[in-house]
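Participant: Sequence and predicted structure are below.
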Amino acid sequence: MNRRAGARTYIHKERGLTLVEMMVALTIGLVLLEGLGTMLFSSQRTYRVNEALARIQENARYAFQILSRDIRMAGYQGCGGSDVGLNNTLNNATDFFWNFGVPLEGFEAIGSSAWMPALPSPAGTIPSPLGGRDIIVVRGVDGDENRVLSHPESSPPGAADLGVSAGSGLELGDIVLVADCVAAAVFQVTHRHMSAGQDILAHDTGTGTPGNRTRALGKVYVDGEVMRMLTRTYYIRNNPNKIPALYWKRGTMAAEELIEGVENMQIQYGEDLDGNRSADVYRSADQVVDWGAVVSVRISLLLQSVEDGIVSHPQTYRFNGMTTTATDRRLRRTFSTVIALRNRTS
């Protein structure tokens, strides 16, 4: 076949990428992947920091809630307030667990393994506390109030069994406070039985731990209130995972972990020096002159994240007037609050 004169023939050849173009494309792809990786890593770190911070803040709120609840009620003795005299009828009434005449006291850490005043003996009274951390003890009511429905006249005064509403929840061995607007007494329940729709509480001598040294409560408490009493000790120790935590010990029971990640607790006590029911000076436990004049408590907590590697480098923080650089990469925050003792400020 003859082609027309002047006709042109076009030959199209397929072309690939040159080595230079491939290297440029790979370089651009690597840069983009590196950017995406950096973004993902940064987002993950930000998420971990925010999550750790939220948990620390929640733990601090919970710690202050528990401490505030008990400290505010320290020394509660019914409608008569702290001005009502307390008749502690227990044996060994000044021992650590039964010394309800001192509703609040503390122990100032003065070293890695020493406190002032010295910790009570035996050593297991406050088991395994971490040195350098303060300890606070609160003695007071634990549970609901139960109205006294019957308390017959007796000799000596107050020696008869007390009757309270059925289902009071009070049990054999409980240490309880009975109070009205005139007086208050502490005794141990040595027997409980039902009679005429009431829980009858006996408080005999010669049985129980610590037991009662006398049956005489000092007066008849009809229309008074009965409440369970307990000594609660708050302190810092390592938990089974070797993480410092806030613990409490309720009476003679085993210590229990409350909040993981509480690294330190420092406490000062506000003393009322002129009787106007407000703090005039804040002192550490070893400098408190009169525990009966303490009207408020200032608590500072240092909390840490449970996980390590949260921050990019060891954190420098300020706590209890000192600046410290951590030896790990945990996140840390400090918190402080002042708690007033209701029964001494109103």
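Facilitator: Yep, it's here. Residues are numbered from 1 along each chain as shown.
Participant: which sections of the stretch 51-200 of the chain are below the confidence cut-off?
Facilitator: 80 (pLDDT under 70).
Participant: those strands in it, which residues are they?
Facilitator: 86-88, 104-109, 115-116, 135-141, 146-150, 162-165, 175-179, 184-188, 191-195, 198-202 (DSSP state E, counting those that start in this stretch).
Participant: any idea which residue sits dead centre in the chain?
Facilitator: Residue closest to the mean C-alpha point of the chain, counted by C-alpha atoms, centre = their mean, is Ala63 at 4.4 Å.
Participant: Kindly provide the distance from it to Ser300.
Facilitator: 11 Å (C-beta to C-beta, to the nearest Å). In this view, the C-beta of every residue, glycine as well, is placed from N, C-alpha and C.
Participant: now do Asn87
Facilitator: The value you get for Asn87 to Ser300, if C-beta to C-beta is used, is 37 Å.
Participant: Leu217 too?
Facilitator: 41 Å.
Participant: Tell me which of these two has more neighbours.
Facilitator: Taking other C-beta atoms under 10 Å, Leu217 and Ser300 do not tie; Leu217 has more neighbours (26 against 17).
Participant: where does the more buried one land in three-state SS?
Facilitator: What DSSP: H, G, I helix; E, B strand; the rest coil gives for Leu217 is coil.
Participant: Buried residues, stretch 199-213. List them.
Facilitator: 199-204, 208, 211-212 (16 or more other C-beta atoms under 10 Å).
Participant: Just flag the most distant two among those.
Facilitator: Asp199 and Gly211 (20.3 Å; C-beta to C-beta).
Participant: Which residues are in contact with Asp274?
Facilitator: Asp280 (C-beta atoms under 8 Å, 6 or more residues apart in numbering).
Participant: Give me the phi and psi for it.
Facilitator: phi -120, psi 10 (degrees, to the nearest 10).
Participant: confidence score at it?
Facilitator: At Asp274, the pLDDT value in this model is 93.
Participant: ok and the helix or strand containing Glu21 relative to strand 135-141, angle-wise?
Facilitator: In this structure, Glu21 sits in helix 19-72 according to DSSP states H and E. Interaxial angle, helix 19-72 versus strand 135-141 (axes from the mean of the first three to the mean of the last three C-alpha atoms, to 10 degrees): 50 degrees.
Participant: Leaving out the residues flanking it, which one is nearest to the residue nearest to the centre of the chain?
Facilitator: Nearest residue to Ala63 in three dimensions, chain neighbours excluded: Ile259, at 5.2 Å (C-beta to C-beta, 6 or more residues apart in numbering).
Participant: For the one you found, give the beta-bridge partners.
Facilitator: Leu246 (DSSP bridges).
Participant: Can you name the residues that contact it?
Facilitator: Here Ile259 is in contact with 59, 62-63, 245-246 (C-beta under 8 Å, 6+ apart).
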